[in-house]
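K.L.:
My questions are about this predicted structure, shown below with the sequence.
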Amino acid sequence: MRRLLASLLALAIVTLAGVASAHQVGLSRGSYVREGHVVHATVTFARGDATTLELTKATDPSTLVAIASCEGHIASLVPTAADGLEMRADYTCRDAGAVTLDAKLVDTLAGGHRHLAHAGADYVLKEGDTRFSLDAGVAPSSPSFGKLVALGVEHIWTGWDHLLFLFGLLLLSPRLRSLGLTISAFTVAHSITLGLAAFGVWTPPASIVEPAIALSIAWVGVENVRALVARREGTVAASRWRITFPFGLVHGFGFASALRELGMSRADVPKALLGFNLGVELGQLAVVIPLALALAWIIRRGKLPMRTISFASAAIVAVGLALFVVRVV
Amino acid sequence: MKYALALCALLVACHHDEAPKPVETAQVAAEADSKQMALAPTHENAAVDHVIAAAQSAAKKNPQKVDLWISLGRAWVRKARETEDPGYYLHADACADVALAIAPEDTSALGLRALVLLNQHRFAEAEALARTITTKRADDPVAWGNLSDALLEMGRTEEAAKAAQTMVDLKPNLPSYARAAHFRWLAGDAAGAKAFYRHAIDAGADQRDPEPRAWVLVQTANVFWNEGDAEGADAGYDMALAAMSEYAPALAGKARVALAKGDASRSAGLAKRAYDASPRAEMAWLLADARAASGDSEGAKKAVELVVKDGKRGDARTLSIFWSTRNEHAAESLALAEKEAKTRGDAYTQDTLAWALYRNARFAEARAASDKAIASGTRDARLLYHAGAIRIAQGNTSEGREMVRKAIALQPAFDAIGGPEATKLVNANATASR
């Protein structure tokens, strides 16, 4: 409730009367493509910004976007459908290596102007931060293997939905053999879909994957309850890998979203896949091993009555369904 | 495998209405641009940057959730307010774009868009959108607040006050009390304004977001300043700085007080800090005045260049009143004021237009604009001085002189050039009338 009140207050506060000091600012967009020694630039301005820049009188595009060691000329100025102006310019460079661009137009236009640059990588440029690179500079930060492992660990530790799914599995699979089978099936499955998504073969939309993960949690709870009712713990535990495999496929797509955020080049994908997946497994084992040992210890001492497992499983079902509704609605 | 099939069937059933629709390439590109803007890194390390990063992470994990994009948009608004960089409203607007692409009728998303329109000075559009929201949800205090702000900027003070009253009735809190206080101030009721600002401060604010409280403290201190209570104002600015360090409006307030007390070098230091925190024409103007008073003519010249540069880049009203105050670039100043008055009709825009017309010796038109500026009875020394000077220029000497005297009595140091000019004008007229 406290958090809700804080959110409501924040909502009201952001709308405080404070408009007197703000000013109209604009957004320009640029697309930059390299072909050998030539850089083709297409920059779109709002009408007001085009007027401020006196674009119709401009002859040298370098006053707007400068490229070191390259000479530019404006090829065309065309009005756009949205009452703007599109400038096409070509720059001839001395060599075909990486180039650094400077969106000087940002400093010339109203304070607060932003320039969206698509130059292989995407940049949002603002006053004082106007430089970006093309070609060799498009992927400046290939993450290290260690960082990828850490990212995998972090993803599993902060992904409470995955952890809840694992916990649901463990409730009825404390024996070593069944646990090994269950976790292995989950690992193999999520590795398959993680690979598919990482290599860009197929990625279902998050609107499908996220609710599916929620349903998988609910389903594990349902399975637990069913097993308890039938009092067939031994047989169920041995066959649980059949449940975890398809759901592992779904969770793999969920893991892939974290990997996609890195925006890697295709060449980096195998390394990223290996590192991230290793991190996921390490993170998973760090949770599963102590939890399984604790559960086994409790069960051996007869301190985990069936009623408690039933209640915990029902709670997992409820959380999974609630999460499903939240993610669908 | 049957489980997987069952799951697929269920998901397909749940998402039957979310099948991909054919869209124009341009629309897809625009949506991608919006996401890029919304998810842009800030490369800074203030508390608000962590809030933005967390909101971005949540939105990326669950991109179909409208609420997450709204939260992110509000974080960008907070960043814009704290840094006074209006460019961050573009990022907030991008969040509204993404949210409205998912749910075109979502009132929270529309509210975010209205707020952005307000801050981009697109008041008529902001008004229309705010009215749409209040029609759908008459109990939305934020929408009434946005409507009030838009109407006030367009000079429709009575309608604006009514909308603000509805906001206070729906939710008496810091933002609504602050609006009520501002209307009291505009109506010439300084005591009422102070009382409402007190309520606003007492209503409290989110401890994790200190800017709104700092802003209200500065507004309160400004009332003290405009009443000639420099000590009271200074204490208020100190409280604002305690709430939020290096808060530019508070530093600027302290710089004005120091300048009024004759401590020009301290004033210049404070004004420089204010300009560094918020590089805007208004701050550069204060810096120019402080440096000139401290004998730093070269520094003052550079600050004047900043006023012109920053004013031309997006603050026409400040540049116009700056030039008119200094009696420079009269024609250009008038053009800027006239352009501004086309979209804004509030008291300060009308005063800017009036003073630009005065400097161009178009006294009848200046009088009409000035009458609008003081129509609600605002007790602001600058507005009163301008109104008085215009009347004197028209030959209405006694009324004009009385108004200028009132201005000087309220706050003789209302500005470094206007204050002494007002005193000179009263004295000259007094001599002439003898």
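P.N.:
Thanks, I have the structure now.
K.L.:
So which bits of whichever strand or helix holds A:G221 are buried?
P.N.:
Taking DSSP states H and E as the definition, A:G221 sits inside helix A:206-230. Within helix A:206-230, the residues that qualify as buried are A:206-225, A:227-228, counting by 16 or more other CB atoms under 10 Å in any protein chain shown. Just so you know, the C-beta spots here come from the backbone N, C-alpha and C atoms, and that holds for glycine as well.
K.L.:
Kindly report the same for stretch B:233-244.
P.N.:
For stretch B:233-244, a neighbour-count test (16+ other CB under 10 Å) marks B:233-234, B:236-237, B:239-241, B:243-244 as buried.
K.L.:
Distance to B:S320 for the residues you listed - can I get that in CSV?
P.N.:
Shown next, in CSV, are the buried residues of stretch B:233-244 (distance: CB to CB, whole Å):
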residue, distance to B:S320
B:A233, 26
B:D234, 29
B:G236, 28
B:Y237, 27
B:M239, 32
B:A240, 28
B:L241, 30
B:A243, 32
B:M244, 30
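K.L.:
low pLDDT regions in the stretch 1-150 of chain A?
P.N.:
A:1-25, A:81-82, A:110, A:135-143 (pLDDT under 70).
K.L.:
quick one: the helices in it?
P.N.:
Under the criterion DSSP state H, counting those that start in this stretch, helices of the stretch 1-150 of chain A are mapped to A:2-13, A:47-52, A:105-108, A:145-158.
K.L.:
which intervals of chain B have sub-threshold pLDDT?
P.N.:
Residue ranges of chain B with pLDDT under 70: B:1-29, B:205, B:429-434.
K.L.:
quick one: the helices in the stretch 201-329 of chain A?
P.N.:
A:206-230, A:233-239, A:241-260, A:269-300, A:306-328.
K.L.:
separation between the closest residue to chain A within the stretch 201-350 of chain B and A:L109?
P.N.:
Closest residue of the stretch 201-350 of chain B to chain A, CB to the nearest CB: B:G314 (3.5 Å). To A:L109, B:G314 is 8 Å away according to CB to CB, to the nearest Å.
K.L.:
Which residue of these two possesses the greater neighbour count?
P.N.:
Neighbours were counted for B:G314 and for A:L109 using other CB atoms under 10 Å in any protein chain shown; A:L109 has more, 26 against 23.
K.L.:
Flag every residue of the stretch 301-434 of chain B that's near chain A.
P.N.:
Contacts of the stretch 301-434 of chain B with chain A, taken as CB under 8 Å from any CB of the partner chain, map to B:310, B:313-315, B:348.
K.L.:
returning to what we had before: check the buried residues of helix A:206-230 against chain B, which are close?
P.N.:
Among these, chain B is touched by A:206-208, A:210-212, A:215-216, A:219 when using CB under 8 Å from any CB.
K.L.:
As TSV, these with pLDDT would be great.
P.N.:
Below are these laid out as TSV (pLDDT from 0 to 100):
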residue	pLDDT
A:A206	72
A:S207	73
A:I208	81
A:E210	82
A:P211	85
A:A212	87
A:L215	88
A:S216	87
A:W219	88
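K.L.:
From what I see, A:L109 and A:E54 are in contact.
P.N.:
No - in this structure, A:L109 is not within contact of A:E54 by CB atoms under 8 Å, at 11.8 Å.
K.L.:
State whether the residue of the stretch 201-350 of chain B closest to chain A is indeed within a helix.
P.N.:
No - under DSSP: H, G, I helix; E, B strand; the rest coil, B:G314 falls outside any helix and is assigned coil.
K.L.:
That one is in contact with A:T108, isn't it?
P.N.:
No - checked against CB under 8 Å, the pair B:G314 and A:T108 is beyond contact range at 11.7 Å.
K.L.:
List the contacts of A:S313.
P.N.:
Applying CB atoms under 8 Å, 6 or more residues apart in numbering or on different chains, we find A:S313 in contact with A:168, A:171, A:221-222, A:224-225, A:228.
K.L.:
What number of neighbouring residues does B:A250 come out with?
P.N.:
For B:A250, using other CB under 10 Å, the count is 27.
K.L.:
Which elements pack onto the strand or helix carrying B:A389?
P.N.:
Assigned by DSSP H and E, B:A389 falls within helix B:381-393. In terms of contacts (3 or more CB pairs under 8 Å, 6 or more residues apart in numbering or on different chains; DSSP states H and E), helix B:381-393 is packed against helix B:347-359, helix B:363-374, helix B:397-410, helix B:418-433.
K.L.:
and the buried residues of stretch B:233-244, which of them are in helices?
P.N.:
B:233-234, B:236-237, B:239-241, B:243 (DSSP state H).
K.L.:
circling back: ok now the helix holding A:G221, how far from the chain's centre?
P.N.:
Taking the mean of its C-alpha atoms, helix A:206-230 sits 24 Å from the chain's own mean (CA atoms, centre = their mean, to the nearest Å).
K.L.:
what's the angle from it to helix A:241-260?
P.N.:
Counting by axes from the mean of the first three to the mean of the last three CA atoms, to 10 degrees, helix A:206-230 lies at 150 degrees to helix A:241-260.
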